[in-house]
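> The sequence and its predicted three-dimensional model are supplied below.
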Amino acid sequence: MINKNTSLRMQSIVFIGFMGVGKTTIGQKVAQKLYRDFVDIDREIEKEFNMPTTEIFKTFGEKVFREKEKSMIDSFSKQQLKIISVGGGAFLQEDIRNICLSNCIVFYLDLSWDYWKERIGLLIDSRPVLQSRTLEEIEELFYTRQEIYSYHHSKVNTNDLDVDEVADFIVDSLKVAWDIYEPLK
């Protein structure tokens, strides 16, 4: 349920989906089109620790990373007019799902396995969860996580679409919803 105390037009927007589906790239484009600030939670965590995510995982462990992730998502999701990209594993935490779903408009960026695996070469070094896994193990992780992404307000299939097409679709969808549910007087 979306927060009724904040108008839909003012609520922040969260992008979820498997790592490497384009949450950051698409989020930045949507933020630009809607004149909003963009927040990449993983980058914010990296700034705070002053090291890349892979080093945070090695030095402090996944538990510390996930706690910081939850804290930052909680803080940013309560702010208005933000576009927020969360890490692919963020929605594994039920608390994060509930925070995002109750405070923001959540878009699930859906990319099929066949399209996603074409990107693996670009992702493997920067994603600690993928390192030292076989392609079969990564595929299993991909499909296992699909269930957690079923919690959203809107789903966008990004197969065969470029960044601008996805961003335009999202912006147009938001504007239609805003006009239907909160028409300007």
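Cool, got the structure. The structure presented is a predicted model; accordingly, all values stated were derived computationally and were not measured.
> hey, C-alpha coordinates of the helix or strand of the chain with the lowest mean pLDDT in CSV?
Lowest by mean pLDDT, DSSP states H and E among the helices and strands of the chain is helix 120-123, with a mean of 74. Extracted in CSV, the C-alpha atoms of helix 120-123 (Å, rounded to 0.1, in the frame of the first residue of the first chain):
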residue,chain,number,x,y,z
ILE,A,120,27.4,-11.1,-17.8
GLY,A,121,30.8,-10.1,-19.0
LEU,A,122,30.2,-6.5,-18.1
LEU,A,123,28.9,-7.4,-14.6
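> On the C-terminal side of that helix, identify the next helix or strand.
helix 135-145 (DSSP states H and E).
> which residues sit against that next one?
18, 88, 89, 91, 92, 113, 116, 117, 120, 129, 130, 133 (C-beta atoms under 8 Å, 6 or more residues apart in numbering). (C-beta placed from N, C-alpha, C; glycine too.)
> Check which residues of the least confident helix or strand of the chain are buried.
Residues residue 123 are the ones in helix 120-123 that count as buried (16 or more other C-beta atoms under 10 Å).
> quick check, residue 72 in a helix?
Yes. Judged by DSSP: H, G, I helix; E, B strand; the rest coil, residue 72 forms part of a helix.
> related to what we said a few turns ago, chain center to the least confident helix or strand of the chain: distance?
Distance of helix 120-123 from its chain centroid, counting by C-alpha atoms, centre = their mean, to the nearest Å, is 18 Å.
> Do a quick rundown of the strands in this structure.
13-16, 37-40, 82-85, 105-110, 154-157 (DSSP state E).
> State the mean pLDDT of the first one.
If I follow you right, that is strand 13-16. Averaged across strand 13-16, the pLDDT comes to 98.
> Partner strands of that strand and their direction?
In the sheet, strand 13-16 lines up against strand 82-85 (parallel), strand 105-110 (parallel) (DSSP bridges).
> Tell me which of these is the most buried.
strand 82-85 (a mean of 25; mean count of other C-beta atoms under 10 Å).
> show me what contacts residue 74?
96, 99.
> how near is it to residue 110?
25 Å (C-beta to C-beta, to the nearest Å).
> Distance to residue 30 and mean pLDDT for the strands paired with strand 13-16 - can I get that in CSV?
Converted to CSV, the strands paired with strand 13-16 look like this (distance: least, C-beta to C-beta, whole Å; pLDDT from 0 to 100):
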stretch, distance to residue 30, mean pLDDT
strand 82-85, 5, 98
strand 105-110, 9, 97
